[in-house]
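J.: No letters, just coordinates:
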């Protein structure tokens, strides 16, 4: 049914309530992070709003409506990867409604996820990383903090949320490890390495007290105000240092995480070790990096082998 020219941008109250109920339930059951819950809410809100604009509702959705929505996403040229993620979210949502006997049929049951190509993660060369690490001016406390953060990020491959929320008591410099609380509340120990240990020691002794001032906080890398830094702030800091270093590539904390994994594999690390360090629950998630490493090996072979 064609939508009216004036479309509501506000989700129906019944749909909003069922989304809230579902997210509360899976938060209790699975202990999902705020970022994951926000992503689920965004996907459900978008689909619910699309249904509302056509006179439908989430709880009354039928398979034909979902198929129309998928067709709309194709027409809008939305990425197959985001559609696949959205379908995964809807599968969990409608399984929950079915389990709670709020619906009698799962509209997602016979829907296949769109085929998506293998997107190799963007990464940096080892020279790129060295230039990025050298970019902060060390006579500035904020820049010194950023240098220590970059060293820890490259040494450990932490997710940006894990890095900015790292607590002082989670760092054991004597043993050279940090305790990380990852996705789904899963804890792991990650080694720092001598270089990162040295930077963190100097930072804690000389710079962190200057940033905190009279504030009291357990956050290892506080902001200018002595509070936990946001992910967005650190992302902007990295973009700034990329410009300073002359790195003409899209750069984010996740790209440095990719570089950590790729460089480990390039130097002979075992895939399962990299999986544990990254905090991946499934080895298949880590295997994407083997393709990046293989590309690097092929280019080296072509460059240096007499018959390359």
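T.: The structure has been received and is ready for your questions. Keep in mind the model is a prediction, meaning the values are calculated, not measured.
J.: any low-confidence regions in the stretch 101-250 of the chain?
T.: Within the stretch 101-250 of the chain, the segments meeting pLDDT under 70 span 113-122, 184.
J.: Kindly recompute the last result at 50.
T.: Across the stretch 101-250 of the chain, the ranges flagged by pLDDT under 50 are 120.
J.: Would you map the strands across it?
T.: Using DSSP state E, counting those that start in this stretch, the strands found in the stretch 101-250 of the chain span residues 171-172, 177-181, 187-191.
J.: Check the separation of the first and last residues in stretch 168-183.
T.: Length of stretch 168-183, first residue to last, Cα to Cα, to the nearest Å: 20 Å.
J.: Likewise for stretch 25-34?
T.: With Cα to Cα as the measure, stretch 25-34 spans 14 Å from end to end.
J.: residues making contact with it?
T.: 37, 40, 92, 96, 161, 183, 184, 185 (Cβ atoms under 8 Å, 6 or more residues apart in numbering). Yep, even glycine has a C-beta here, placed from its N, CA and C like the rest.
J.: got it, and stretch 220-238?
T.: In contact with stretch 220-238 (Cβ under 8 Å, 6+ apart) are residues 132, 142, 145-146, 148-150, 160-161, 163-168, 170-171, 200, 204, 208, 211-213, 215, 217, 219, 251-253, 256.
J.: residues contacting the residue nearest in space to the middle of the chain?
T.: Taking Cα atoms, centre = their mean as the criterion, residue 159 is the residue nearest the geometric centre of the chain, at 6.2 Å. Going by Cβ under 8 Å, 6+ apart, residue 159 touches 182, 183, 253, 254, 257, 279.
J.: do the same with residue 48
T.: Contacts of residue 48 by Cβ under 8 Å, 6+ apart are 11, 12, 15, 16, 19, 57, 58.
J.: now it, nearest residue through space, not along the chain?
T.: Nearest residue to residue 48, sequence neighbours excluded (Cβ to Cβ, 6 or more residues apart in numbering): residue 15, at 4.2 Å.
J.: What of residue 134?
T.: Closest to residue 134 by Cβ to Cβ, 6+ apart is residue 245, at 7.1 Å.
J.: so the one you found makes contact with residue 129?
T.: No. Taking contacts as Cβ atoms under 8 Å, residue 245 lies outside contact range of residue 129: 9.6 Å.
J.: Just the buried residues of stretch 181-189, please?
T.: Neighbour-count burial for stretch 181-189 flags 181, 182, 183 (criterion: 16 or more other Cβ atoms under 10 Å).
J.: got CSV for those residues, with distance to residue 112 too?
T.: Listed next are the buried residues of stretch 181-189 as CSV, based on distance: Cβ to Cβ, whole Å:
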residue, distance to residue 112
181, 35
182, 30
183, 26
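J.: tell me which of those residues is nearest to residue 45?
T.: Within the buried residues of stretch 181-189, proximity to residue 45 (Cβ to Cβ) peaks at residue 183, which comes in at 21.9 Å.
J.: residue contacts, residue 206?
T.: Contact analysis of residue 206 by Cβ under 8 Å, 6+ apart lists residue 144.
J.: Relative to residue 124, how far out is it?
T.: Counting by Cβ to Cβ, to the nearest Å, the gap from residue 206 to residue 124 is 28 Å.
J.: and if you look at residue 215?
T.: Distance from residue 215 to residue 124, by Cβ to Cβ: 34 Å.
J.: Residues contacting stretch 94-108, please?
T.: For stretch 94-108, the surrounding residues in contact (Cβ under 8 Å, 6+ apart) are 18, 22, 25-26, 59, 61-63, 65-66, 87, 90-91.
J.: Please render these as a markdown table that adds secondary structure and distance to residue 112 to the earlier fields.
T.: Listed next are the contacts of stretch 94-108 as a markdown table, based on DSSP: H, G, I helix; E, B strand; the rest coil; distance: Cβ to Cβ, whole Å:
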| residue | secondary structure | distance to residue 112 |
| --- | --- | --- |
| 18 | helix | 25 |
| 22 | helix | 23 |
| 25 | helix | 26 |
| 26 | helix | 23 |
| 59 | helix | 23 |
| 61 | coil | 17 |
| 62 | coil | 17 |
| 63 | helix | 12 |
| 65 | helix | 17 |
| 66 | helix | 12 |
| 87 | helix | 9 |
| 90 | helix | 13 |
| 91 | helix | 11 |
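J.: Now flag whichever of the residues you listed is closest to residue 46.
T.: residue 90 (10.7 Å).
J.: Spatially, and excluding backbone neighbours, which residue is closest to that closest one.
T.: Residue 90's closest residue in space is residue 108 (Cβ to Cβ, 6+ apart), at 5.2 Å.
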